[in-house]
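Visitor: from the sequence below, what's the structure:
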Amino acid sequence: MTTIRWCAQDTPVGRVALAWKDDVIVAAQMDHAMSRSTWETKWAPGDVTSHLFAYLTARFGPDLKREEAGERSAPARALTRYFRGDPTALDELPADPGGTGFQAAVWNALRHIPAGETRTYGQLAAEVGHPGSARAAGGAVGSNPIPLVIPCHRIVGADGRLTGFGGGVARKHWLLRHEGVALRDDTAQLALALAD
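Guide: Reported below is the predicted structural model:
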């Protein structure tokens, strides 16, 4: 039987849940996030943990033992520190997102983008040895099962504009500003308009 520990917290960007196996983060879920498999379909609003558990069951099978961890667990403390102003707090958490070889390479590259910086899809594709494959890199970014810990929000369009993010562009804007990224005025206006 696989044991998965998890925690969920209210944050400035909504409720966030993390799950880990043997001290390695294996999933994260945010309130009102878009489905990782179909960008057109939103998760039903509400219980972020039910969406987390659905993903975990799909990945690890139905024979799961779930244990809620307290706020003193290392992942919960890291999440708290991140939202209290330490943009590097989640960097210390080991992560295993699974995925294909290409996805794993893209997700690993995402973890090497420092807080306060962004990359384009094209730059990301080149970093993983596939220049000219920005669209494929974008697909891998969009299927990231551990947002925040694997910082897919640090990817922007070729022109510097905020583009797709499962948590929504307004949330992506908040996260980047929280990490110290200076965003263009039109990007900020777009994010605020989308938040309404």
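Visitor: residues contacting the helix or strand hosting residue 15, please?
Guide: According to DSSP states H and E, residue 15 maps onto strand 14-21. By C-beta atoms under 8 Å, 6 or more residues apart in numbering, the residues outside strand 14-21 that reach it are 2-9, 25-32, 48-49, 52, 56, 60, 75-76, 79, 96, 148-149, 167, 171. Backbone N, C-alpha and C define where each C-beta goes, glycine included.
Visitor: if any of those are buried, give me the PyMOL selection for them.
Guide: Selection of the buried residues among those in PyMOL, burial being defined by 16 or more other C-beta atoms under 10 Å:
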select buried, resi 4+5+6+7+8+9+25+26+27+28+29+30+31+32+48+49+52+56+60+75+76+79+96+148+149+167+171
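Visitor: just the contacts of strand 14-21: which are in strands?
Guide: Judged by DSSP state E, the subset of the contacts of strand 14-21 located in strands is 2-9, 25-30.
Visitor: give the buried residues for the strand holding residue 15.
Guide: By 16+ other C-beta under 10 Å, the buried positions in strand 14-21 come out as 14-21.
Visitor: and which of the residues you listed is nearest to residue 84?
Guide: Top of the list for closeness to residue 84, among the buried residues of strand 14-21 and by C-beta to C-beta, is residue 16 at 13.5 Å.
Visitor: pick out the residue closest to the middle of this structure.
Guide: By C-alpha atoms, centre = their mean, the chain has its centre lying nearest to residue 147, at 0.9 Å.
Visitor: isn't it up against residue 153?
Guide: Yes. Counting by C-beta atoms under 8 Å, residue 147 touches residue 153, with 7.0 Å between them.
Visitor: overlap in contacts, those two.
Guide: Contacts common to residue 147 and residue 153, judged by C-beta under 8 Å, 6+ apart, are residue 167.
Visitor: what's downstream of the longest helix belonging to the chain, the next helix or strand?
Guide: In the chain, taking DSSP state H as the definition, the longest helix is helix 48-60. Next in sequence after helix 48-60, counting helices and strands by DSSP H and E, comes strand 64-68.
Visitor: could you list the buried residues of that next one?
Guide: Those would be residue 64, for strand 64-68 by 16+ other C-beta under 10 Å.
Visitor: check stretch 153-172 too.
Guide: Buried-residue list, stretch 153-172, by 16+ other C-beta under 10 Å: 153-157, 162-172.
Visitor: ok, so of the residues you listed, who is nearest residue 123?
Guide: Nearest to residue 123 among the buried residues of stretch 153-172: residue 155, at 8.7 Å, using C-beta to C-beta.
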